[in-house]
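In: need a structure here:
(2 chains)
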Amino acid sequence: MNINFKHEWIETNIGLMAVLTMLAISVGGLVEIAPLFFIDKTIEKVEGVRPYTPLEQRGRDIYQREGCYTCHSQMIRPFRDEKLRYGHYSLAAESQYDHPFQWGSKRTGPDLARVGGKYSNEWHVQHLVAPRSMVPESVMPNYPWLLSTPLDISDTAARMKALRKVGVPYSQTQAEYDANVAKFGETVARQLHIPDAQKNLVEQANFGNYDGDRSGISEMDALVAYLQVLGTMVDFSKYADDAFVETR
Amino acid sequence: MSEQKLQSQTVQTTGHAWDGDLQEYNNPLPVWWVYTFYATVIFAIVYWTIYPSWPFGKGWIGGVSNITYVNSEGETKTHSWNTRALLMEDMNKAAVAQKPYFDKVSAMSYEQIAKDPDMSGFILSSGKALFADNCAPCHQAGGQGVVGFFPNLTDDDWLYGGSFDTIHETLMGGRRGYMPTFSEVLSGEQIDQLANYVASLSGVDHDAGKAAAGEVLFHSETAACYYCHTNNGTGRKDMGAPNLTDNIWLWADVPAAGGAGGKVAAIRSVIANGLNKGVMPAWAGRLSPEQIKVLTVYVHELGGGQ
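Out: As a prediction, the model looks like this:
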């Protein structure tokens, strides 16, 4: 079969040219993105990673609202200096429930991917209110209103529903709840149940008392709860130090 | 002028003609550009051969470049090049360089390390870096602490003990300070009396009459201060209950408080509100046993070690 191809057809037919141009430029994206959906090691298989509890998720919303990501990354790269300072490099699996992810590429302050458990709650509270009272050379702004602003918990369930739409396994029905029990265990599954969102949030905030003030739930409670869980979900002592070499 | 120049050149056209006579020159690419382009194609093929490149099935082509490293289980492994394997190799190299020192740290006792001049240098430099990364945010760069929040590590006053072993225990497991809220149990008058008594123990200006009443309360079952702070107020290190007689203040900022009334008021506030802070995180798991041992000696040698 001899197709008498003429370049002139494309050049004189703007519709055909637009379609072919689009095809040509999508190749670059497709060859980089599409295979990730078929490679079975894209997201490492590790235990412990779960969606955020309602309180942590509200803290994450505040983290984004205040623009913490403009100065803090959440991505420890596999370099020796980063391992020594921040700990184990970040895994893709660890941000699988993050929408949007907070990896970042700009560090004015330190990376926060594993800040959970590194400092006490009271340090975080004092440091967020007045950073220079804890770290004299810090250039971080003060966030005193976090302590004095009560956390708006009225739309907690709606926020979780929105995340459920983009794939976070928060449960709405009994069947989804049961699936979460099987996947994450009962304690975690309860926290992920949307109908109980507000109750769970209040319970965690009262029990954890993250801001050191029992009189109410402040935005500080939520933000500190979020910071204290960052990077703590995977227990790396269960894995050999080269367990994740295979997955890249 | 440009028209003349164009006419004088013989240039191929694409052969298209629009509107009867509108034609398009076809200037071939410069030779250097064409060969550079071919060179980049060859470079890409070489690169794909050496490094991980194309997706293949459920995995990808790893490339011929390999990295060999030893993992924490002591197994020697070879893996196609990637940054995670590269990190393993890098950590191996660093571990080899530091091994003589860390082996010594593991083998020697705290006292031996502190006395050995060669090791002291290593502790000072590696301990300083570890301290700056992990401890300084709370205890400050020089270990001087923050009054009201985090204890001073450079003096010889210790909440939980300043021996090598207790410092090590503190680092491994962390600490959690606690003092009950007395405003619910005692009257304002009683708290005032206790505050004056505590002030008297350290020789801070106080009301002697109130202090005498406070002394009785201190040893009574009503307030039961002596449970943790002991009968003579010197505290119990196993509970982290501070010595009240040494005029060193962590929770109540007595030295900075203005006047006699202010100083007693600072103490009063701590008794009334209690403490549910003084939390130190546990470092076991976050730092290696050798790193924690280095930090133990470093903190001990900050000046206050016992």
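In: how far is stretch A:67-79 from where the chain is centred?
Out: Computed by CA atoms, centre = their mean, to the nearest Å, the chain-centroid distance of stretch A:67-79 equals 11 Å.
In: can you tell me what sits against that stretch?
Out: Residues from elsewhere that reach stretch A:67-79 (CB atoms under 8 Å, 6 or more residues apart in numbering or on different chains): A:63, A:82-83, A:86-90, A:95, A:101-114, A:140, A:230, B:83-84, B:86-87, B:90. Bear in mind the C-beta positions are built from the backbone N, C-alpha and C, glycine included.
In: for stretch B:187-198, same thing?
Out: The contact list for stretch B:187-198 (CB under 8 Å, 6+ apart) reads B:182-183, B:186, B:206-207, B:210-215, B:217-218, B:222-223, B:225, B:233, B:244, B:264-265, B:267-268, B:271-272.
In: give the contact list for the closest residue to residue B:101 other than its chain neighbours.
Out: Spatial nearest neighbour of residue B:101, chain neighbours left out: residue B:122 (4.9 Å); criterion: CB to CB, 6 or more residues apart in numbering or on different chains. By CB under 8 Å, 6+ apart, residue B:122 lies in contact with B:101, B:105, B:294.
In: okay, now the second one: neighbour count?
Out: Neighbour count of residue B:105, defined by other CB atoms under 10 Å in any protein chain shown: 22.
In: residue A:229 contacts residue A:55, doesn't it?
Out: No - the pair residue A:229 / residue A:55 is not scored as a contact, 9.6 Å apart, by CB atoms under 8 Å.
In: list the contacts for residue B:65?
Out: Residues in contact with residue B:65, defined by CB under 8 Å, 6+ apart, are B:50, B:51, B:80, B:81.
In: so where do the helices sit in chain A?
Out: In chain A, the segments counted as helices under DSSP state H are A:7-12, A:14-33, A:54-65, A:80-86, A:121-129, A:131-134, A:145-148, A:156-165, A:174-184, A:186-191, A:197-208, A:219-229.
In: dump the ones you listed to JSON lines, plus distance to residue B:199, mean neighbour count and mean pLDDT.
Out: Converted to JSON lines, those look like this (distance: least, CB to CB, whole Å; neighbours: other CB atoms under 10 Å in any protein chain shown; pLDDT from 0 to 100):
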{"stretch": "helix A:7-12", "distance to residue B:199": "92", "mean neighbour count": "12", "mean pLDDT": "82"}
{"stretch": "helix A:14-33", "distance to residue B:199": "69", "mean neighbour count": "10", "mean pLDDT": "92"}
{"stretch": "helix A:54-65", "distance to residue B:199": "41", "mean neighbour count": "22", "mean pLDDT": "97"}
{"stretch": "helix A:80-86", "distance to residue B:199": "44", "mean neighbour count": "16", "mean pLDDT": "92"}
{"stretch": "helix A:121-129", "distance to residue B:199": "25", "mean neighbour count": "22", "mean pLDDT": "95"}
{"stretch": "helix A:131-134", "distance to residue B:199": "26", "mean neighbour count": "16", "mean pLDDT": "94"}
{"stretch": "helix A:145-148", "distance to residue B:199": "30", "mean neighbour count": "16", "mean pLDDT": "96"}
{"stretch": "helix A:156-165", "distance to residue B:199": "48", "mean neighbour count": "16", "mean pLDDT": "97"}
{"stretch": "helix A:174-184", "distance to residue B:199": "53", "mean neighbour count": "15", "mean pLDDT": "96"}
{"stretch": "helix A:186-191", "distance to residue B:199": "47", "mean neighbour count": "16", "mean pLDDT": "96"}
{"stretch": "helix A:197-208", "distance to residue B:199": "35", "mean neighbour count": "17", "mean pLDDT": "96"}
{"stretch": "helix A:219-229", "distance to residue B:199": "33", "mean neighbour count": "26", "mean pLDDT": "97"}
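In: take those helices and write them to CSV, including distance to chain B.
Out: Formatted as CSV, the helices of chain A follow (distance: least, CB to the nearest CB, whole Å):
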stretch, distance to chain B
helix A:7-12, 7
helix A:14-33, 8
helix A:54-65, 18
helix A:80-86, 5
helix A:121-129, 5
helix A:131-134, 6
helix A:145-148, 15
helix A:156-165, 27
helix A:174-184, 22
helix A:186-191, 21
helix A:197-208, 12
helix A:219-229, 10
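In: neighbouring contacts of stretch B:74-90?
Out: With contacts defined as CB under 8 Å, 6+ apart, stretch B:74-90 is touched by A:77-80, A:83, A:89, A:241-242, A:244-248, B:50-52, B:62-71.
In: quick one: residue B:183 and residue B:265, what's the gap?
Out: 14 Å (CB to CB, to the nearest Å).
In: I should have written residue B:133 there, sorry.
Out: 38 Å.
In: likewise for residue A:167?
Out: 56 Å.
In: what about these two, which has more around it?
Out: Counted by other CB under 10 Å, residue A:167 and residue B:265 do not tie: residue B:265 has more neighbours, with 16 against 10.
In: what does the stretch 101-250 of chain B have sitting close to chain A?
Out: With CB under 8 Å from any CB of the partner chain as the criterion, the stretch 101-250 of chain B meets chain A at residues B:133, B:134, B:136, B:137, B:138, B:140, B:141, B:146, B:149, B:150.
In: so which of those is the most crowded?
Out: Top of these by neighbour count (other CB under 10 Å): residue B:150, with 25 neighbours.
In: spit out the contact partners of that one.
Out: A:123, B:138, B:139, B:140.
In: next one: it, what pLDDT does it get?
Out: pLDDT, residue B:150: 93.
In: mind giving me the domain ranges of the chain?
Out: No chain specified, so I'll use chain A. Domain ranges of chain A: A:7-36, A:54-233, per automatic domain parsing.
In: actually chain B
Out: According to automatic domain parsing, the ranges for chain B are B:2-50, B:66-99, B:108-176+B:280-300, B:182-276.
In: from residue B:26, how far out is the residue nearest in space to the middle of chain A?
Out: Geometric centre of chain A, nearest residue: residue A:98, 3.2 Å, by CA atoms, centre = their mean. Residue A:98 sits 52 Å away from residue B:26, going by CB to CB.
In: one more: residue B:56?
Out: Applying CB to CB, the value for residue B:56 to residue B:26 is 40 Å.
In: just residue B:263 next, same as before
Out: Residue B:263 sits 93 Å away from residue B:26, going by CB to CB.
In: then residue A:100?
Out: Counting by CB to CB - residue A:100 and residue B:26 are separated by 48 Å.
In: same thing with residue A:95?
Out: Distance, residue A:95 to residue B:26, by CB to CB: 51 Å.
In: ditto for residue B:154
Out: Relative to residue B:26, residue B:154 is positioned 80 Å away (CB to CB).
In: so residue A:119 sits against residue B:137, correct?
Out: Yes - the criterion here is CB under 8 Å, and residue A:119 meets it with residue B:137 at 6.1 Å.
In: common neighbours of those two, please.
Out: residue A:127.
In: any chance you could map the strands in the stretch 151-300 of chain B?
Out: Applying DSSP state E, counting those that start in this stretch to the stretch 151-300 of chain B gives strands spanning B:175-176, B:279-280.
In: dump these into a markdown table; add distance to residue A:4, mean pLDDT and mean neighbour count as well.
Out: Output for these, formatted as a markdown table (distance: least, CB to CB, whole Å; pLDDT from 0 to 100; neighbours: other CB atoms under 10 Å in any protein chain shown):
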| stretch | distance to residue A:4 | mean pLDDT | mean neighbour count |
| --- | --- | --- | --- |
| strand B:175-176 | 84 | 92 | 15 |
| strand B:279-280 | 80 | 92 | 20 |
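In: any low-confidence regions in chain B?
Out: Filtered on pLDDT under 70, chain B yields the residue ranges B:1-9, B:260.
In: and the helices in it?
Out: Counting by DSSP H, the helices of chain B are B:2-8, B:31-50, B:83-107, B:110-115, B:117-134, B:136-139, B:164-173, B:188-201, B:208-218, B:226-229, B:259-273, B:289-300.
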